[in-house]
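S.K.: Okay, here's the prediction I keep looking at, along with the sequence it came from:
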Number of protein chains: 2
Amino acid sequence: MSNLSQDAMQQLFSDARTHSHWQPRSIEDSLLQALYEQAKWGPTSMNCQPMRLVFVKSPEAKEKLKQALAPGNVEKTMNAPVTVIVATDMTFYEGMPRLFPANANARDMFANNTALAEATALRNATLQGGYLILAARALGLDCGPMSGFNTDLVNDLFFAGTTIKANFLVNLGYGLSDKVYPRGPRYDFDEACTIT
Amino acid sequence: MSNLSQDAMQQLFSDARTHSHWQPRSIEDSLLQALYEQAKWGPTSMNCQPMRLVFVKSPEAKEKLKQALAPGNVEKTMNAPVTVIVATDMTFYEGMPRLFPANANARDMFANNTALAEATALRNATLQGGYLILAARALGLDCGPMSGFNTDLVNDLFFAGTTIKANFLVNLGYGLSDKVYPRGPRYDFDEACTIT
């Protein structure tokens, strides 16, 4: 394997920006499916795949989500063609017999250890959320991830009676590049990393 | 923006595999630096960047890490040219005045709310870990992520006296493609996702 092209690296990482203002351009359901079909390949612990996604697209569903948004996140979310609720199935382990048949004990290992199950669910669903963001960029979409919302209310509105819990939100669309905020600084290598 | 090439999508997602067997080929420090320089651009909440990385490369450091590994993770980790400890600075908020000057209250918002600080630290450091895995693949490296290790012991061995806590490990190197395990199934779109 060789490096991706410089253009690809820029699209994924160095030129990509968080967007809050959107072109009036919709996203076809087929593109949302293509997005999942890429993101799903990212690795999870014992292939546990705890991430669940709700693509909020209709005006009715957007209005429902609106009630739970922090005030600063309302306008950009209502204007985005799609907002995805990145969520976590806290009983993901019920799928383990199918997802990881190599270990017949995998389901019980989590089912009998709430702390391990919760840590595994959150870590791996969040990793999958990271893959989702980069897969969206790889498919030419812009992202606006957010954690400013009332989680309990989103859970009541979208996941009542289930074991699924909201993790974070991502606005998806085609951003207006001239309206992004000034880029925040990143830590230098020596501030965040050591080689030992 | 357009889609990345099919080759690039395959390298990042559909053809990429978790590796446990490694070519006897080292990784230069300059490539580890290049890896961070890409991954660092991924978005975090209020630009908080809680991820900290320890690239375990020397035989001495590898031996130290070995003590904390689950038995099934020892051989592949000792044979990998580099193992990165993906960790989280639980007091990441001390950096907020520099990282997110737009909100003068950002530091105190987290410093005065332990639950919010912990959730934000773990969510965002894990997202950054997802960016790291895909950045490694983008740079032609193979990955073997793992959570099977004694977290408390890694914290004692590598992060004593700090506010940094280990999150997960990733072996990095050039994998032996003929030795990967059969690929686990992924959930179909309709099993993991809804459009509303």
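M.R.: All right, it came through fine.
S.K.: what is the orientation angle of the lengthiest helix in chain A with helix B:114-138?
M.R.: Assignment by DSSP state H gives helix A:114-138 as the longest helix of chain A. Interaxial angle of helix A:114-138 relative to helix B:114-138 (axes from the mean of the first three to the mean of the last three C-alpha atoms, to 10 degrees): 50 degrees.
S.K.: buried set for helix A:114-138?
M.R.: By neighbour count, with 16 or more other C-beta atoms under 10 Å in any protein chain shown as the criterion, the buried positions of helix A:114-138 are A:117, A:119-138. For glycine as for every other residue, the C-beta is placed from the backbone atoms N, C-alpha and C.
S.K.: From the chain's centroid, how far away is it?
M.R.: Here helix A:114-138 shows a centroid-to-chain-centroid distance of 7 Å under the convention C-alpha atoms, centre = their mean, to the nearest Å.
S.K.: That one packs against which elements?
M.R.: With contacts taken as 3 or more C-beta pairs under 8 Å, 6 or more residues apart in numbering or on different chains; DSSP states H and E, helix A:114-138 sits against helix A:29-39, strand A:51-56, strand A:82-89, helix A:106-111, strand A:142-146, strand A:164-173, helix B:114-138.
S.K.: Mind telling me which residue of chain A is nearest chain B?
M.R.: Relative to chain B, the nearest point of chain A is A:Gly130 (2.3 Å; C-beta to the nearest C-beta).
S.K.: So that residue is in contact with B:Ala125, correct?
M.R.: No - under the criterion of C-beta atoms under 8 Å, A:Gly130 lies out of contact with B:Ala125, with a separation of 10.5 Å.
S.K.: Apart from its neighbours in sequence, what residue is nearest the residue nearest to the spatial centre of chain A?
M.R.: Central residue of chain A (C-alpha atoms, centre = their mean): A:Gly129, 3.1 Å from the mean position. Spatial nearest neighbour of A:Gly129, chain neighbours left out: A:Val86 (4.4 Å); criterion: C-beta to C-beta, 6 or more residues apart in numbering or on different chains.
S.K.: Now stretch A:36-49: average pLDDT?
M.R.: If you average the pLDDT over stretch A:36-49, you get 98.
S.K.: what about it, distance to the chain center?
M.R.: Its chain's average C-alpha position is 12 Å from that of stretch A:36-49, according to C-alpha atoms, centre = their mean.
S.K.: now swap in stretch A:29-38 and tell me
M.R.: 13 Å.
S.K.: For the closest residue to A:Ser14 other than its chain neighbours, give its distance to A:Glu63.
M.R.: Distances taken as C-beta to C-beta, 6+ apart place B:Trp41 nearest to A:Ser14, at 5.3 Å, with adjacent residues excluded. Counting by C-beta to C-beta, to the nearest Å, the gap from B:Trp41 to A:Glu63 is 34 Å.
S.K.: got it, and A:Pro101?
M.R.: Summarising the geometry, the distance separating A:Pro101 from A:Glu63, computed by C-beta to C-beta, is 43 Å.
S.K.: With A:Pro24 instead?
M.R.: The value you get for A:Pro24 to A:Glu63, if C-beta to C-beta is used, is 18 Å.
S.K.: Neighbour count for those two, which is higher?
M.R.: A:Glu63 (11 against 8; other C-beta atoms under 10 Å in any protein chain shown).
S.K.: Quick one: residues contacting that one.
M.R.: Contacts were defined as C-beta atoms under 8 Å, 6 or more residues apart in numbering or on different chains; by that measure A:Glu63 touches no other residue.
S.K.: cool, and A:Phe92?
M.R.: A:48-50, A:110, A:117, A:120-121, A:124-125.
S.K.: Try it again at 7 Å.
M.R.: Going by C-beta atoms under 7 Å, 6 or more residues apart in numbering or on different chains, A:Phe92 touches A:48-50, A:121.
S.K.: One more: A:Gly148?
M.R.: Under the criterion of C-beta under 7 Å, 6+ apart, the contact list for A:Gly148 reads A:70, A:72-73.
S.K.: which of these has the most neighbours?
M.R.: With neighbours set by other C-beta under 10 Å, the maximum within the contacts of A:Gly148 is found at A:Asn73, which has 21 neighbours.
S.K.: Pull the residues that contact the one helix or strand it maps to.
M.R.: Assigned by DSSP states H and E, A:Asn73 falls within helix A:71-79. When contacts are defined by C-beta under 7 Å, 6+ apart, helix A:71-79 is touched by residues A:20-22, A:62, A:65-66, A:69, A:83, A:144, A:146, A:148-149, A:171.
S.K.: Could you dump these into a markdown table with pLDDT and distance to B:Leu4 added?
M.R.: As requested, the contacts of helix A:71-79 are arranged in a markdown table below (pLDDT from 0 to 100; distance: C-beta to C-beta, whole Å):
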| residue | pLDDT | distance to B:Leu4 |
| --- | --- | --- |
| A:Ser20 | 98 | 24 |
| A:His21 | 98 | 24 |
| A:Trp22 | 98 | 21 |
| A:Lys62 | 98 | 29 |
| A:Leu65 | 98 | 30 |
| A:Lys66 | 98 | 33 |
| A:Leu69 | 98 | 31 |
| A:Thr83 | 98 | 23 |
| A:Gly144 | 98 | 20 |
| A:Met146 | 98 | 25 |
| A:Gly148 | 96 | 30 |
| A:Phe149 | 98 | 30 |
| A:Asn171 | 98 | 21 |
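S.K.: No further queries at this time; thank you.
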